[in-house]
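**Student:** mind looking at a prediction? Sequence and model below.
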Amino acid sequence: MQDVGYMGPQLLSKYFDKHARALGIPKDASILDVAAGTGLQGVILKEKYGYMRLDATDASQAMLDKARDTGVYRNFYCCRIGGGYKLPMADNTYDSAVMAGGLAEGHIKCDAFLELIRVVKPGGLIVNAMREVNIRKYEEYHNLHPSFKKWAEEKKWECIEHVIPPIKHYMNLDGLVHVYRVL
């Protein structure tokens, strides 16, 4: 992915750190990396930004095995999220959660964010980076922003920032970063 200019983890890390610092979320905060894949997100959060307490979840054990090789994660959870699947951890377990590239065709469903709201402590961040085109291109994400708005109206979380960064997300495609704070 790096060979084709995939910038999702870099963009996510930049926005996560910006808002974590603004909200006083410390570098030793516990962070769940959702759809961790090979662990690139965790490597950037730890090595570039200094976040030390990272756990990984992914639906693929083979990907988690690669993430384990990075040496940046504490715990690994091979499980699905969204589409009715629940994470295997208790409510309010994490200080924040991040997901880069999980919202791609046939991957994670929109209701996964309700699970992230459940496992992230009040005041914690949920940051997502994805290709902007996926909101329009794939039917499963057409309701993403209306769902986000509904959950904000229900006081589950509040929008801190939605942004299309100036740096391309992947190849020549725009990215989209969502930053929410759990209430």
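**Tutor:** The structure has been received and is ready for your questions.
**Student:** surely I117 is in a helix?
**Tutor:** Yes - secondary structure of I117 (DSSP: H, G, I helix; E, B strand; the rest coil): part of a helix.
**Student:** can you dump the C-alpha coordinates of stretch 81-88 into CSV?
**Tutor:** Output in CSV follows, covering the C-alpha atoms of stretch 81-88 (Å, rounded to 0.1, in the frame of the first residue of the first chain):
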residue,chain,number,x,y,z
ILE,A,81,-16.9,-5.4,14.1
GLY,A,82,-20.0,-4.0,12.6
GLY,A,83,-22.8,-5.8,10.8
GLY,A,84,-24.0,-6.9,14.2
TYR,A,85,-20.7,-8.2,15.4
LYS,A,86,-19.6,-7.0,18.9
LEU,A,87,-16.0,-6.4,20.1
PRO,A,88,-14.8,-8.8,22.9
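**Student:** distance between that stretch and the chain's centre?
**Tutor:** The chain centroid and the centroid of stretch 81-88 are separated by 15 Å under C-alpha atoms, centre = their mean, to the nearest Å.
**Student:** likewise for stretch 12-23?
**Tutor:** Worked out by C-alpha atoms, centre = their mean, stretch 12-23 lies 12 Å from the chain centre.
**Student:** for that stretch, give the mean pLDDT please.
**Tutor:** Averaged over stretch 12-23, pLDDT sits at 97.
**Student:** now that stretch: buried residues?
**Tutor:** Within stretch 12-23, the residues scored as buried using 16 or more other C-beta atoms under 10 Å are L12, S13, K14, Y15, F16, D17, H19, A20. All C-beta spots, glycine's among them, are computed from the backbone N, C-alpha and C.
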